[in-house]
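Novice: structure for this input, please:
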Amino acid sequence: MVPYWIFDRIQNSTARDLAETMLSISEKTYADPGQAMRAVHAKSHGLISATVEVLDNLPPELAQGISAKPQRYEAVIRLSTTPGDLLHGSVSAPRGMALNILGVEGARLPGSEESA
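Specialist: Numbers count the residues shown, from 1 in each chain. The predicted structure is shown next:
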């Protein structure tokens, strides 16, 4: 069995590596056009208004957080290309999707109070 403190080291190392990678991507995407941009998912392809419906009678392992009770939430979906560079639409690249669920009640993560 692996000692628990090994997982802390792995997690801290992964977080540090991720932060360094994101910083290097940010520096590269800033250097190309000469202005600050998102490090990833820089090019939006569309926004979609949506409704997220939480169904009744979910199994207990799913009926948690915003899924704890049946209800509907308004949401916004953002479609994007994953690179931080603004590439021409003809360039094949992975696509991304972000979901912002609006009107969720409950405690927020520290520092996120003014975020959408």
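Novice: so which residues of the chain form helices?
Specialist: Using DSSP state H, the helices of the chain run over 4-31.
Novice: how is it partitioned into domains?
Specialist: 1-38, 40-86+93-103 (automatic domain parsing).
Novice: which residues of this protein score low on pLDDT?
Specialist: 1-11, 29-30, 32-43, 82-89, 91-92, 115-116 (pLDDT under 70).
Novice: tell me how far residue 71 lies from residue 53.
Specialist: 8 Å (Cβ to Cβ, to the nearest Å). C-beta here means a position set from N, CA and C on the backbone, and glycine is covered the same way.
Novice: out of the two, which sits in the busier spot?
Specialist: residue 71 (14 against 10; other Cβ atoms under 10 Å).
Novice: I'd guessed that one sits against residue 52; true?
Specialist: No. Contact between residue 71 and residue 52 fails when scored by Cβ atoms under 8 Å: they sit 9.2 Å apart.
Novice: tell me, what's touching the two both at once?
Specialist: Jointly contacting residue 71 and residue 52 under the rule Cβ atoms under 8 Å, 6 or more residues apart in numbering is no residue at all.
Novice: for residue 50, see how far away residue 102 is.
Specialist: From residue 102 to residue 50 the distance is 10 Å (Cβ to Cβ).
Novice: repeat for residue 25
Specialist: Taking Cβ to Cβ as the criterion, residue 25 is separated from residue 50 by 29 Å.
Novice: ok, residue 75 next?
Specialist: 4 Å.
Novice: what is in contact with those two at once?
Specialist: With Cβ under 8 Å, 6+ apart, residue 75 and residue 50 have common neighbours residue 99.
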